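Student: Based on what follows, work out the 3D shape:
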Amino acid sequence: MRLIANRPSPPGADAAWNSDLAFLGNHVFQGNFNGFVVWDASNPANPTLVKPYLCPASQSDVSVYRNLLFVSSESTSGRIDCGTEAPQEPVSTVRLRGIRIFDISDIRNPRYIHNVQTCRGSHTHTLVTDPNDAANVYIYVSGSSFVRPAAELPGCSELSPEEDPNSSLFRIEVIRIPLAAPQNARIVTAARVFAGMERAPRRAGGGGGRRGGGGGADTREGPNQCHDITTYPAVGLAGGACQGYGILLDIRDPAQPRRLAAVADTNFATWHSVTFSNDGSKVLWTDEWGGGTAPRCRATDNPVWGGNAIFRIDGDRAEFLSYYKMMAAQTETENCVAHNGSLIPVPGRDIKVQGWYQGGISIFDWTDGRNPVEIAFFDRGPLVADTLRTAGSWSAYWYNGYIYSSEIERGLDVFELQPSGFITQNELDAAKSVRLEYFNAQEQQKFVWPPSFALARAYVDQLERSRGLATDRITAVRAELARVERLSGQARNDALRQLAGQLDADAERSADAAKAGMLAGAVRELAGR
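Tutor: Below you'll find the predicted structure:
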């Protein structure tokens, strides 16, 4: 991969850490602890500044949907009016802890229209769309800070659920936002998805292990909030990283998420974020061991700790497959641990790009969940050679053909993935054919590839890599695709249908029958059927 652009944070944002990213059309929204910045990435190699918006909060994670921008605020320093002087009183009428809502119809002039206050603030949040409800979107709030006083926000309670059924603990707040009237957004559910969970097992000595979660009546010992939640509406699932557990949720009714399964792992210190495979058959949880500010990728660090854990989803169960951690050892002056990333839409493969703070960026293939393999990386080295100072890639996401990284200290980075022995130009061209109108990493969208010759050739390349077809057959299929592409009209369609039929026969005797079937289907779709 190669760096094609870096844009330092503009004045006002340059004194604050950068946080997460969201995307809408050609625009990139970059959160920071002083607000957010809007970039125009119409030319990814030359992003231009649209708007820095001053509105201090911790940590200003962002998401977008149509004309709306949502921003998290958790700390006690946030103000309803976006002022820069933090409220000093223990109880304040101007404090904002929760979700800010902006109208971005005029993207150069975001308009602050509403907020939804929550009892524990919003460290992160997750947008949820409902395939059966076009009138509303939902937000799951992840807020693990202390409960604010009821005198500041009526209804807040730090008592246990046994003492107060309306406790602000052991719940996920669900906000419903009417798209026609976002100023009416409000909390509609306090989802009790942690009911009956025990305290997660803790790491002891050098060993580790995994087990299922649940059981036990003393809920005060178990998790009471999630650090991060990723929803996948297309498959009706969400994954939560929740205080010692990875949980799977049924979100077919987004206002009423329901826990399906929970897994614990004593090799994990801080369950952090979640990614699903495109087909929803696997799920990956990350471990932010050290909280993101410590060096946790040194040669002396356990290679299992501070990385990813991959699980296979089997109904309402999750079965452990393997761990993955970036390969290159980092120094004492580089904070490094697993952090935020997303899938790259290479057809037929599960490939993820992921930020590792000052460990840089790692791209890895986890199609075989038991054997993940790094295929590309970027690492610019420590911010300060002889001093540990927090910096690096907070998040790295693929969006419409390019990788964007929010660099905590060094601004916005843009990368282009290059062909190599691990990935071909045809696979990259097919990935670039997937175009999204918007993207929030915590609301995963299902990739669908439009018919193209690049898509067919990508499958041919993969069959060559897996030795799914004989070498002479690979050569013949490539030659036929090149010949057919020069045709047009009915002649092209007839030739494609004939080739698809031949590939169906190839699939029956292929060593990689599933991929050969994908190739036949891609060729058939090119013919319009």
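Student: surely Leu284 meets Thr275?
Tutor: Yes - the pair formed by Leu284 and Thr275 meets the contact definition of C-beta atoms under 8 Å, at 4.7 Å. (Glycine included, C-beta is placed from N, CA and C.)
Student: Give the intersection of the neighbour lists for the two.
Tutor: Jointly contacting Leu284 and Thr275 under the rule C-beta atoms under 8 Å, 6 or more residues apart in numbering are Lys352.
Student: Of these two, give the one with the bigger neighbour count.
Tutor: The neighbour count for Leu284 versus Thr275, taken as other C-beta atoms under 10 Å, is higher for Leu284 (28 against 25).
Student: The more buried one in helix, strand or coil?
Tutor: What DSSP: H, G, I helix; E, B strand; the rest coil gives for Leu284 is strand.
Student: How about the contacts made by it?
Tutor: Contacts for Leu284 (C-beta under 8 Å, 6+ apart) come out as Val274, Thr275, Phe276, Ser277, Asn308, Ala309, Ile310, Phe311, Tyr324, Lys352, Trp366.
Student: from those residues, which is closest to Glu480?
Tutor: Using C-beta to C-beta, Ser277 comes nearest to Glu480 of the contacts of Leu284, at 31.4 Å.
Student: For Gly392, see how far away the closest residue to the closest one other than its chain neighbours is.
Tutor: Closest residue in space to Ser277, ignoring its immediate chain neighbours: Asp350 at 4.6 Å, by C-beta to C-beta, 6 or more residues apart in numbering. Computed as C-beta to C-beta, to the nearest Å, the Asp350 to Gly392 distance reads 24 Å.
Student: and those two? which has more neighbours close in?
Tutor: More crowded of Asp350 and Gly392, by other C-beta under 10 Å: Gly392, with 29 against 23.
Student: For the more buried one, give its distance to Glu416.
Tutor: Remark: distance between Gly392 and Glu416 (C-beta to C-beta) = 20 Å.
Student: Look up which helix or strand Arg478 falls in, please.
Tutor: helix 471-485 (DSSP states H and E).
Student: Quick check: buried residues in that helix?
Tutor: Within helix 471-485, the residues scored as buried using 16 or more other C-beta atoms under 10 Å are Arg473, Ile474, Val477, Arg478, Glu480, Leu481, Val484.
Student: OK, contacts around the residue lying closest to the first one once chain neighbours are set aside?
Tutor: Looking back up the chat, that one is Arg473. Sequence neighbours aside, Asp506 is the residue nearest to Arg473 in space, at 6.6 Å (criterion: C-beta to C-beta, 6+ apart). By C-beta under 8 Å, 6+ apart, Asp506 lies in contact with Leu469, Arg473, Ala516, Ala520.
Student: Swap in 10 Å and give it another go.
Tutor: By C-beta atoms under 10 Å, 6 or more residues apart in numbering, the contact list for Asp506 reads Leu463, Gly468, Leu469, Ala470, Arg473, Val477, Ala513, Ala516, Gly517, Leu519, Ala520.
Student: where's it, which helix or strand?
Tutor: Element membership for Asp506 (DSSP H and E) is helix 489-509.
Student: Repeat that for Ile175.
Tutor: Ile175 belongs to strand 172-178 when elements are defined using DSSP H and E.
Student: cool, and Thr275?
Tutor: strand 271-276.
Student: Can you give the strand pairings for that strand, parallel or anti for each?
Tutor: strand 282-287 (antiparallel) (DSSP bridges).
Student: Buried residues of the helix or strand immediately after the strand it pairs with in the chain, list them for me.
Tutor: Reading on from strand 282-287 to the C-terminus, the next helix or strand found by DSSP H and E is strand 308-314. For strand 308-314, a neighbour-count test (16+ other C-beta under 10 Å) marks Asn308, Ala309, Ile310, Phe311, Ile313 as buried.
Student: Return the alpha-carbon coordinates of strand 308-314 using PDB.
Tutor: The C-alpha coordinates for strand 308-314 follow below in PDB (Å, rounded to 0.1, in the frame of the first residue of the first chain):
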ATOM      1  CA  ASN A 308      -7.900 -10.000  17.300                       C
ATOM      2  CA  ALA A 309      -9.800 -13.100  18.000                       C
ATOM      3  CA  ILE A 310     -11.800 -14.700  15.100                       C
ATOM      4  CA  PHE A 311     -14.900 -16.800  15.800                       C
ATOM      5  CA  ARG A 312     -17.200 -18.800  13.500                       C
ATOM      6  CA  ILE A 313     -20.900 -18.100  14.000                       C
ATOM      7  CA  ASP A 314     -23.000 -21.200  14.300                       C
END
